[in-house]
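[1] structure, please.
(chains A and B)
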Amino acid sequence: MKERGRVIQAFEIFLNRREAGAVISIVFLFTLFTLKNPAFLSLPVIQTILVNGAWIGMLATGQSYTLASGEFDLSVESVFGLAALLFVVFTESISIYASFLLATLIAAGFGFINGLLVTKAEINSLIATLGMLFFGRGIIYLISRGFIRSLSTSTKSSFLPQMLAGAIGGGWSALIIWMIALAIVFEIILFYTKFGNHILAVGSNAESSLSRGISPGLTKWKAFLLCSTIAGFAGMTAASELISVSADLGNGMALKSIAACVIGGCSLRGGRASVIGAVLGAIFLSSLSSGLILMGAPPYSFISFVGLALIGGVMLNKFLLPFLRKKTLPINQVSDFKS
Amino acid sequence: MSEKKNPLIKFENIGKRFGRIEALKDISFSVFPGEIVGLVGDNGAGKTTVVKILAGIYKPDKGKIYIEEEEANITSPEEARRAGIDFVHQDIGLAEDLEIRRNIFLGDEIVAKRVGPIEFLDLDKMSKGTKTVYHIIGITSDIDPKTEVSELSGGQRQGIKIGRAVYYKARLIVLDEPVRALSVRERGKIKNLIVDLNKKEGISFIYITHNIREVYDVAHKFVLLDRGIKIGEIKKEETSVSRLEESIIKGELVSP
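    Numbers count the residues shown, from 1 in each chain, chains lettered A, B, ... in the order given. A predicted model of the protein is given here:
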């Protein structure tokens, strides 16, 4: 009896987590695909899913900050592609570490401009970051002229690319480690530091935050800066993994990163977010594509399922979870002041 | 009661224009320690402009503000807070999606340790501080400090804001339409809280409203504004609800 109570209690705590929707969705998918094909539930498949989800996961990590602050950043996919390309191109003339640093700075520059446009020029973040998305992609075409650029043989086996995306044995890739590490670090920063508290507060109610001496503009600016920098880092892990960078690398990733965040429990209105949830959302999307491939679905139909999964995930967060929470939790007996 | 002391805050000939509109004209009044002043007037009387000048959001075109006889030059709500003046508005002040404890310490978070530029929160101490705030406002039951503000009633939110101001050692709390959106029962509770804090802690209040009946029980003194002009200042003993209402309607102080 007592044991059962503890299980229910654990379940209640779980349901109250913002990530609950993403976890339930992943478990649901895995059950479904494993029933269809028992080979789905195996380490190599899981590792593939994690590797394939890593870039969206990293982008979602940064995106969860802009969402938490009440904005969003569509330019991440261009920053991702541009940083990847620049990293490769720079290594042709300067050292790989200098290339890494320079590409990171340029990625951060995008965040700086996004923040400037949104907080100083007060341009809606949809417009500002869409503009930067196009601008960034244009720069990519300008630099690459549409051709694929590749890391040289000596560069690709050097330390930094290996650290960013190399194999670390047992079928595990450094990409997975980076995704998980970033998720944990930024989850901790969001919920256990002053800066994170300000990000959430500004996203929840900018005017109230201002009345407590927090600058909404500056805080959002930092979120943009962080988001772009992470996107740039993710791009460089992509260059290291893929070796060859095409001009369309990153296309379509921005909306997927937002989808991952939303499935993971981030609110589009700001103030509510989960970095871990966002990454789980990315893993969910990746599981979906792997599962569909394994089931022999037409490859190009994947995006339709992403769409359905997004809507399903949001409905889960919006309707099913609150319903379940009400069922299992005692009605919040918040009582009044003494009269 | 407290007239012998020096005023806690004194407005002297405050004037403010917005283009052609004269929002405030030569407004002077004082709040003494331990006094509750009802700042009353119809819509457009200039009540909110007074608050915003005190909070440093607007700069007055003329006039001076003195805090304990010293000329004050307040340029932001934080500065006002440091000078012991806090503000409770109807709609702003709390981030609804955040836990109560994160709201109490919003902008003044308790830091456990620093690692480079990263300041880690001391959430336990923030929970304890939140319970102190509960104690100040007399919340009897145990609301988990981790509860989101969005789960609280309007009255509880106002109570939290007032309690937070007291926690940060405010000597004067400016209440801008503090009970406008509250239920009848919660209005009563907030008013009791104000009277309690005034009696026990000696905190002064400026209570801003357009509703005389709302502030009549609480205030010691009324300052009446009409279209930017102070039409009168009167102690509670020298007037009544109906006379005050008549004054607001006529735009001039109706004397007994």
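
[2] ok, and the closest non-adjacent residue to residue B:157?
    Using C-beta to C-beta, 6 or more residues apart in numbering or on different chains and skipping the chain neighbours, the partner closest in space to residue B:157 is residue B:94 (5.8 Å). Backbone N, C-alpha and C define where each C-beta goes, glycine included.

[3] what sits against that neighbour?
    A:205, A:208, B:103, B:106, B:149, B:157, B:160, B:161 (C-beta atoms under 8 Å, 6 or more residues apart in numbering or on different chains).

[4] just list what the helix or strand hosting the third one packs against, helices and strands only.
    Under the assignment given by DSSP states H and E, the secondary-structure element containing residue B:103 is helix B:100-104. In terms of contacts (3 or more C-beta pairs under 8 Å, 6 or more residues apart in numbering or on different chains; DSSP states H and E), helix B:100-104 is packed against helix A:194-204, helix B:123-137, helix B:154-167.

[5] how about it: buried residues?
    Neighbour-count burial for helix B:100-104 flags B:100, B:101, B:102, B:103, B:104 (criterion: 16 or more other C-beta atoms under 10 Å in any protein chain shown).

[6] what do you get for stretch A:188-203?
    Applying a neighbour-count criterion of 16+ other C-beta under 10 Å, one finds A:189-203 buried in stretch A:188-203.

[7] can you narrow those residues to ones near chain B?
    Contacts with chain B within the buried residues of stretch A:188-203, as defined by C-beta under 8 Å from any C-beta of the partner chain: A:189, A:192, A:193, A:194, A:195, A:197, A:198, A:200, A:201, A:202, A:203.

[8] in contact with the third one, which residues?
    Same thing as residue A:193. So residue A:193 contacts B:118, B:119, B:120, B:121 (C-beta under 8 Å, 6+ apart).

[9] so, in contact with chain B or not, the host helix or strand of residue A:45?
    In this structure, residue A:45 sits in helix A:43-68 according to DSSP H and E. No: applying C-beta under 8 Å from any C-beta, one finds helix A:43-68 out of contact with chain B, separated by at least 9.5 Å.

[10] enumerate the residues of the stretch 1-150 of chain B near chain A.
    So the stretch 1-150 of chain B meets chain A at B:76-78, B:81, B:87, B:89, B:91-98, B:102-103, B:106-109, B:111, B:118-121, B:123, B:137-141, B:143, B:147 (C-beta under 8 Å from any C-beta).

[11] repeat that with 6 Å
    B:77-78, B:92-98, B:102, B:106-107, B:109, B:118-121, B:138-141, B:143 (C-beta under 6 Å from any C-beta of the partner chain).

[12] among those residues, name the buried ones.
    Buried, going by 16+ other C-beta under 10 Å: B:77-78, B:92-98, B:102, B:106-107, B:109, B:118-121, B:138-139, B:143, out of the residues of the stretch 1-150 of chain B next to chain A.

[13] ok, and the closest non-adjacent residue to residue B:48?
    Take residue B:48 and drop its neighbours on the chain: the residue closest to it by C-beta to C-beta, 6+ apart is residue B:176, 6.6 Å away.

[14] quick one, what contacts the one you found?
    Residues near residue B:176 by C-beta atoms under 6 Å, 6 or more residues apart in numbering or on different chains: B:51, B:89, B:208.

[15] what separation do you get for it and residue B:47?
    8 Å (C-beta to C-beta, to the nearest Å).

[16] kindly report the same for residue A:305.
    Taking C-beta to C-beta, one finds residue A:305 at 57 Å from residue B:47.

[17] over to residue A:175?
    For residue A:175, the distance to residue B:47 equals 60 Å [C-beta to C-beta].

[18] from residue B:119, how far off is the residue in the stretch 51-200 of chain A that chain B sits nearest to?
    Residue of the stretch 51-200 of chain A nearest chain B, by C-beta to the nearest C-beta: residue A:194 (4.2 Å). To residue B:119, residue A:194 is 4 Å away according to C-beta to C-beta.

[19] quick check, nearest of the ones next to chain B among the buried residues of stretch A:188-203 to residue A:269?
    residue A:203 (7.6 Å; C-beta to C-beta).

[20] chain neighbours aside, what residue packs nearest to the closest one?
    residue A:270 (2.7 Å).

[21] all strands of the chain, in order?
    Picked chain A for this. For chain A, strands defined by DSSP state E occupy the ranges A:149-150, A:244-245.

[22] ah, I was thinking of chain B
    B:9-18, B:21-31, B:36-41, B:62-67, B:70-72, B:85-89, B:111-115, B:118-121, B:172-176, B:204-209, B:221-226, B:229-235.

[23] which other residues reach the second one?
    Put plainly, it is strand B:21-31. In this structure, residues lying in contact with strand B:21-31 by C-beta under 6 Å, 6+ apart are B:7-16, B:37, B:46, B:49, B:204, B:223, B:228-230, B:233.
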